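J.: Sequence plus the predicted model coming up.
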Amino acid sequence: MAFQQNAQHFGNYVMQRPLIGQISGVPLDKKTCDTWSDIWKFQAHSEDILVAAFPKSGITWMQEIIDMIDQEGDVEKCHRAPTYDRHPFLEVVAPKPVPSGLQLAESMEPPRILKTHLPAQLLPPSFWDQDCKVIYVARNAKDCMVSYYHFQRMNKGLPDPGNWENYFSTFLTGKVFWGSWFDHVIGWWRAKDQHQVLYIFYEDMIENPKQEIQKVMRYMGKEFSEEVLEKIYHHTSFQAMKENPMANYSTIPSFVMDHSISPFMRKGVVGDWKNHFTVFQDEIFEREYKRRMEGTDLIFRTQL
Ligand code: A3P
């Protein structure tokens, strides 16, 4: 019965929404939980770079920037494969053609660029032991919530989000995959005091992309001419990525990601929450935000 309720039919193909598991209280895809002991034992190499973020914070944008830096501004090299094949997504155990993150990572020679949505407390310890460089992207919770809602609608690899009203509390109480936005951004904010973590804000990337690209470049130990910087900036703009099949997830079959429901490259702005939040929801959100963020010096902008 549950199967029938969850199932979406595409011709002869049936794609089932994932089952929900938990690791240390953090909701994750059950397939990830089932392979958790292998994920936890993952061996990072000291030269690997990890890009981390709560879902829908702009990680794909950062991956494209990092790849362009790594490939020294060579657009053709960045077109070699879709994002998910270039950078293993550590904890993902996805339906084909997306390979399991572990398999893909282990098939690559270090140094690798690896992706994760894991909160800091669940990061496999070898990343800390090897003192890997981490680039963390954080986005304000209101826009994250809206973006994640639309992403869960279009991506059958995630639980059905239900209606917006219900989703609002699901997100706020941390019952989405990868858990609480609050725990995530605060956990990684603290991690940067003890480890190599470059903490970047999506809102800063929107406001001044070249400045943020330069921060990442310097962190990766690279220095380029103005001309290369310009190339990276253009190749990673919202419009360029929206039109780039290697960056816009259009290569994933539509029975998994249905871009006609909501495109992966949806709006790419700060403040879209205003088109979704009711006045009442905003009041509830602000109360919870104040309570959860008390005592941190972490500041987010919800408009520019
Ligand atoms: P919206 O749904 O608000 O449009 P992630 O890659 O972490 O899943 O995040 C996806 C979000 O980042 C989406 O937000 C997407 O549009 C936005 N995004 C991706 N590339 C971008 C770019 N080059 N410029 C601005 N926003 C971008």
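T.: Now that the structure is in, tell me what you want to look at.

J.: residue contacts, residue 277?
T.: Shown in contact with residue 277 (C-beta atoms under 8 Å, 6 or more residues apart in numbering): 142, 168, 285. To be clear about C-beta, it is placed using only N, CA and C from the backbone, and glycine gets the same treatment.

J.: Is the residue lying closest to residue 26 once chain neighbours are set aside within a helix or a strand, and which one?
T.: Distances taken as C-beta to C-beta, 6 or more residues apart in numbering place residue 179 nearest to residue 26, at 4.0 Å, with adjacent residues excluded. Assigned by DSSP states H and E, residue 179 belongs to no helix or strand.

J.: go on, residue 39?
T.: Remark: residue 39 resides in helix 36-40, with elements defined by DSSP H and E.

J.: just checking, next helix/strand downstream of that helix?
T.: Helix 36-40 is succeeded, C-terminally, by strand 49-53 (DSSP H and E).

J.: ok, and what's touching the very next helix or strand once past that following strand?
T.: Sequence order places helix 59-70 as the next helix or strand after strand 49-53, per DSSP H and E. Helix 59-70 is contacted by residues 49, 51-53, 75, 78, 83, 86-87, 113, 115, 117, 135, 137, 200, 202, 205, 213, 216-217, 220, 222, 224, 231-232, 235-236, 241, 247, 249, 264 when judged by C-beta under 8 Å, 6+ apart.

J.: Counting neighbours, which bits of stretch 234-244 end up buried?
T.: Neighbour-count burial for stretch 234-244, counted by 16 or more other C-beta atoms under 10 Å, picks out 235, 236, 240, 241, 244.

J.: er, stretch 249-265 actually
T.: 249, 250, 251, 252, 256, 257, 258, 259, 262, 263, 264, 265.

J.: quick one: average confidence on that stretch?
T.: The average pLDDT within stretch 249-265 is 95.

J.: Now do the phi/psi pair for the residue nearest to residue 71 when sequence neighbours are not counted.
T.: Of all residues not flanking residue 71 in the chain, residue 77 sits nearest, at 4.1 Å (C-beta to C-beta, 6+ apart). When read as degrees, to the nearest 10, the backbone of residue 77 gives phi -70, psi -30.

J.: Can you tell me which of the contacts of residue 277 has the most neighbours?
T.: Counting neighbours by other C-beta atoms under 10 Å, residue 142 leads these with 25 neighbours.

J.: quick one, what contacts that one?
T.: Here residue 142 is in contact with 273, 277, 285, 302 (C-beta under 8 Å, 6+ apart).

J.: which of those residues lies closest to the ligand?
T.: Nearest to the ligand out of the contacts of residue 142 is residue 273 (C-beta to the nearest ligand atom; 9.3 Å).

J.: If I look at that closest one, what pLDDT would I see?
T.: 98.

J.: so how far is residue 56 from the nearest residue to it once chain neighbours are set aside?
T.: Distances taken as C-beta to C-beta, 6+ apart place residue 142 nearest to residue 273, at 3.6 Å, with adjacent residues excluded. According to C-beta to C-beta, to the nearest Å, residue 142 and residue 56 sit 11 Å apart.

J.: for residue 263, same thing?
T.: 13 Å.

J.: what does the stretch 51-200 of the chain put close to the ligand?
T.: Within the stretch 51-200 of the chain, the residues that sit near the ligand (C-beta under 6 Å from any ligand atom) are 53, 55, 56, 57, 58, 59, 60, 61, 143, 147, 150.

J.: let's see it at 8 Å
T.: Selection of the stretch 51-200 of the chain residues close to the ligand by C-beta under 8 Å from any ligand atom yields 53, 55-64, 137, 139, 143, 146-147, 150-151.

J.: so how many other residues sit close to the residue lying closest to residue 56 once chain neighbours are set aside?
T.: Nearest residue to residue 56 in three dimensions, chain neighbours excluded: residue 147, at 3.8 Å (C-beta to C-beta, 6+ apart). Number of residues near residue 147 (other C-beta under 10 Å) recorded here: 22.

J.: what's near enough to touch residue 147?
T.: By C-beta under 8 Å, 6+ apart, the contact set of residue 147 is 56, 139, 266, 272.

J.: surely the first one meets residue 154?
T.: Pointing back at residue 56 there. No - with contact defined as C-beta atoms under 8 Å, residue 56 does not count as touching residue 154 (11.9 Å).

J.: between these two, which one's more packed in?
T.: Neighbour totals were compared for residue 56 and residue 154, and residue 56 leads with 23 against 20 (other C-beta under 10 Å).

J.: quick one: contacts for the more buried one?
T.: Going by C-beta under 8 Å, 6+ apart, residue 56 touches 139, 144, 147, 148, 151.

J.: so where's this structure uncertain?
T.: For the chain, the stretches flagged by pLDDT under 70 are 1-14, 95-98.
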